[in-house]
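Colleague: Got a predicted structure plus its sequence, pasted below:
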Amino acid sequence: MTLNSTPADRYPSRIVAVSVSRTKGVKKDNVAEAKALVGFGLEGDAHGGAWHRQVSLLALESIEKMRGKGMELQPGDFAENLTTEGIDLPNLPVGTRLKIGPEVEMEVTQIGKTCHDGCAIKKRLGECVMPTEGIFAKVLHGGVVRPGDAIELVHG
């Protein structure tokens, strides 16, 4: 580490949690790993399918922002598949490619979403970060995703 190093140099961007659920509309369960399938998303996840929102990502920094409002929250509580740390997800443009771990590659397809009426977090706090800070991606190259995997922008 040099004198001019940034926090990103010291703390590389990584996956904090991998989460799936078999039904829609519920928080997701954290798992030790999940298989990312091309054209689908995460194996066993209810939100997977042949559409543009195969995998959802939310930064731990966004979850911590909501924790600061007095709510106990864990990765997966916003129904995100991948909780990240150290990457500015909401400011990535659509079309950005992400490399996760040694194998997986995804392309950002959507930034934010409309929060559904039944969102427990929005009901309790009056707001939710997923509509503005969550992102969605499709799987371009499959493989296994695990907590601790590096996440980086693909250039070129």
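Modeller: Good, I have the coordinates. From a predicted model like this one, the values you see are computed outputs, not experimental measurements. Residues are numbered from 1 along each chain as shown.
Colleague: Just give me the residue right at the centre of the protein.
Modeller: Nearest to the mean C-alpha position of the chain, by Cα atoms, centre = their mean, lies Leu57 at 1.5 Å.
Colleague: contacting residues around it?
Modeller: 80-84, 89, 134-137 (Cβ atoms under 8 Å, 6 or more residues apart in numbering). C-beta coordinates here come from the backbone N, C-alpha and C atoms, glycine included.
Colleague: buried set for stretch 33-45?
Modeller: Neighbour counts over stretch 33-45 (16 or more other Cβ atoms under 10 Å) mark 34, 36-37, 40-42, 45 as buried.
Colleague: could those be laid out in JSON lines, adding distance to Val145, pLDDT and secondary structure?
Modeller: Output for the buried residues of stretch 33-45, formatted as JSON lines (distance: Cβ to Cβ, whole Å; pLDDT from 0 to 100; DSSP: H, G, I helix; E, B strand; the rest coil):
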{"residue": "Ala34", "distance to Val145": "6", "pLDDT": "98", "secondary structure": "strand"}
{"residue": "Ala36", "distance to Val145": "5", "pLDDT": "98", "secondary structure": "strand"}
{"residue": "Leu37", "distance to Val145": "11", "pLDDT": "98", "secondary structure": "strand"}
{"residue": "Phe40", "distance to Val145": "13", "pLDDT": "97", "secondary structure": "coil"}
{"residue": "Gly41", "distance to Val145": "11", "pLDDT": "98", "secondary structure": "strand"}
{"residue": "Leu42", "distance to Val145": "7", "pLDDT": "98", "secondary structure": "strand"}
{"residue": "Asp45", "distance to Val145": "11", "pLDDT": "97", "secondary structure": "coil"}
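Colleague: Could I get the full set of strands for the protein?
Modeller: 14-20, 29-31, 34-37, 41-42, 55-59, 82-85, 97-100, 104-111, 135-141, 143-145, 151-153 (DSSP state E).
Colleague: Looking at those, which one is packed in the most?
Modeller: Among these, ranked by average contacts under mean count of other Cβ atoms under 10 Å, first place goes to strand 41-42 (a mean of 28).
Colleague: Tell me the strands beside that one, with direction?
Modeller: Partner strands for strand 41-42, per DSSP bridges, with pairing direction: strand 34-37 (antiparallel).
Colleague: so what's Leu60 scoring on pLDDT?
Modeller: Per-residue pLDDT puts Leu60 at 96.
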